[in-house]
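A.B. asks: Below are the sequence and a predicted model for it; my questions follow.
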Amino acid sequence: MTEDAAEPLLLIPGLMQDARVFWHQIITLSAERPVQVASLGAASAVEDMARLALDHAPPRFAVAGHWLGALVAMEVLRRAPERVTRIALMDVNPLPETPQQAAAREPRLVKARAGRLAEMMLEEVPASALADGPQRTEVLAILQDMADALGPEPYLAQSRALVRRPDHQRTLRTARLPALVLCGEADTICPVRRHEFLAELMPHARFQLIRGAGHLPMLEQPEAVTAALQSWLRAPLLLR
């Protein structure tokens, strides 16, 4: 990668999401740089998802992930720090899942196996986790459509990955690269205080709150998220 070449950007969707969740970011940012969207596939461990992403990623790249995708981005950084130029983490809890959270997943797994995937997704991401407003119904419909397109098996695998997710605090503390920690102000799944903690872990992190958004700011406030990513991508690289 030459000095004046824009770094490629790898986007990693969250739980039961596909490239549509980043539609605005892809359209806008691809005018400036190569943009690639990773697939989490049917892997049932964050480590395997990261390995798959790295197998198909450019030699060096910026990475941005949402929720499960952000956990994968952290694992990508842990495995290949020399390949990652900068990292953006969106609406994510960096801590391992508690036994109580894991137990709460069981009823949703049963519903997914029973073919009630759309209903289950409204429990996984309830309306209360999004900002109130006219876009809420449309955003939930997109989420359900993405989940329906993927099907129940990826949901079961991705849920297992969340339950078993590793603790990446050490990786983040030693990350010497430009970092963006972003979340929607109304996110109840991964609350604001978790992101403040996450940003404090990283030596060169900037925390940004997205107003008028909840757990899916890329769809709720796409222009604001794209602007935040553009600012992060245009920041100078750090010597390591």
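C.D. replies: All right, it came through fine.

A.B. asks: need the helix or strand of the protein with the lowest average pLDDT.
C.D. replies: Across the helices and strands of the chain, mean confidence by mean pLDDT, DSSP states H and E is lowest for helix 99-113: a mean of 87.

A.B. asks: How about that one, which residues are buried there?
C.D. replies: Neighbour-count burial for helix 99-113 flags 105, 108-109, 111-112 (criterion: 16 or more other C-beta atoms under 10 Å). All C-beta atoms are positioned from the backbone trio N, CA, C, and that covers glycine.

A.B. asks: As a check, name the ranges of all strands in the chain.
C.D. replies: Per DSSP state E, the chain has strands spanning 9-12, 35-37, 61-66, 84-90, 179-184, 205-210. These are given in chain order.

A.B. asks: partners of the last one, with directions?
C.D. replies: If you go by DSSP bridges, strand 205-210 pairs up with strand 179-184 (parallel).

A.B. asks: Can I get the strand it pairs with in PDB, CA atoms only?
C.D. replies: C-alpha atoms of strand 179-184 as PDB (Å, rounded to 0.1, in the frame of the first residue of the first chain):
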ATOM      1  CA  ALA A 179      -9.600   3.600  17.000                       C
ATOM      2  CA  LEU A 180     -13.200   4.700  16.900                       C
ATOM      3  CA  VAL A 181     -15.700   3.500  19.400                       C
ATOM      4  CA  LEU A 182     -19.200   4.400  18.300                       C
ATOM      5  CA  CYS A 183     -22.700   3.700  19.700                       C
ATOM      6  CA  GLY A 184     -26.300   4.800  19.400                       C
END
